[in-house]
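[1] fold the following and give me the result.
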Amino acid sequence: MSTSAKNKVIEEIRRDLFSGEDLVVMKAVKKCEDLSAPQLVEPLIAVFATTDNMAIKQEVGEMLGSLKVSNTEDYFFNALRNKEFRNVRRELLSFIWNSGIQPAGEVVFLTELAIDGSYEEALECLTIIEEIEEGIPEDHLLEASSIARAFITTNKDHEKVHLIADLLVAIEGRQELED
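    Residues are numbered from 1 along each chain as shown. This next block holds a predicted model:
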């Protein structure tokens, strides 16, 4: 398929995803499976976060959780930073982990999210950081370590203190590997 033809199909799918008609949306979701275009991740996340139709939500969730399309990391992390998608952050983190995304450059953000988010979000952040295989920049590891340590020091009775301590151990373990 030529680039212009592919772009036209992508625009049609985007339009259909936001048509407001469940049948049209579901057909557009099915087309996404066949196309494997990273630029469809962002609208799929928006549909997942906003739809009340559980069949559509499940279909989109399964797709986002099993993506094997490269160049999707930025779309997921932009969505995690978007306050409109706060209600689905845990799921987005799960999709990142399930898709095998290696966000070595997002360790600081993931640490901050673990601290600011729910217990479940913190657990997902820990899992993602533990599974990063590629090198993490040393300055990122040092900053993430400092953030986690500050939280532990000032929040000894917080429900997440042990989980953040585990996160700190994972980060410090990475520092030893990178040295």
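
[2] burial count for Q58?
    Q58 is flanked by 12 other residues according to other CB atoms under 10 Å. Yep, even glycine has a C-beta here, placed from its N, CA and C like the rest.

[3] separation between it and A104?
    Counting by CB to CB, to the nearest Å, the separation of Q58 from A104 is 31 Å.

[4] for I96, same thing?
    12 Å.

[5] who has more neighbours, these two?
    I96 (28 against 16).

[6] from the contact counts, what lies against the helix or strand hosting that one?
    Here I96, judged by DSSP states H and E, is contained in helix 89-98. Secondary-structure packing of helix 89-98 (3 or more CB pairs under 8 Å, 6 or more residues apart in numbering; DSSP states H and E): helix 54-65, helix 73-81, helix 119-131.

[7] average pLDDT for it?
    Averaging pLDDT along helix 89-98 gives 95.

[8] need the contact partners of the helix or strand hosting E112.
    Following DSSP H and E, one finds E112 within helix 107-116. With contact meaning CB atoms under 8 Å, 6 or more residues apart in numbering, helix 107-116 is reached by 77, 80-81, 89, 93, 103, 121-122, 125-126, 128-129, 132, 136, 140-141, 143-144, 147-148, 151, 160, 163-164, 167, 171, 174.

[9] stretch 66-82: end-to-end distance?
    22 Å (CA to CA, to the nearest Å).

[10] so for that stretch, mean pLDDT?
    pLDDT averaged over stretch 66-82 gives 89.

[11] can you give me the buried ones in it?
    67, 72-73, 75-77, 79-80 (16 or more other CB atoms under 10 Å).

[12] and the angle from the lowest-mean-pLDDT helix or strand in the chain to helix 119-131?
    Within the chain, confidence by mean pLDDT, DSSP states H and E is lowest for helix 161-178 among all helices and strands, at a mean of 86. Between helix 161-178 and helix 119-131, the angle comes out at 10 degrees (axes from the mean of the first three to the mean of the last three CA atoms, to 10 degrees).

[13] chain center to helix 161-178, what's the gap?
    Distance of helix 161-178 from its chain centroid, counting by CA atoms, centre = their mean, to the nearest Å, is 20 Å.

[14] okay but V47 is in contact with E59, surely?
    No: using CB atoms under 8 Å, V47 is not in contact with E59, being 9.6 Å away.

[15] need the overlap of contacts for those two.
    Common neighbours of V47 and E59 (CB under 8 Å, 6+ apart) are V29.

[16] tell me the angle the helix holding I96 makes with helix 54-65.
    Helix 89-98 runs at 40 degrees relative to helix 54-65, counting by the same axes, to 10 degrees.
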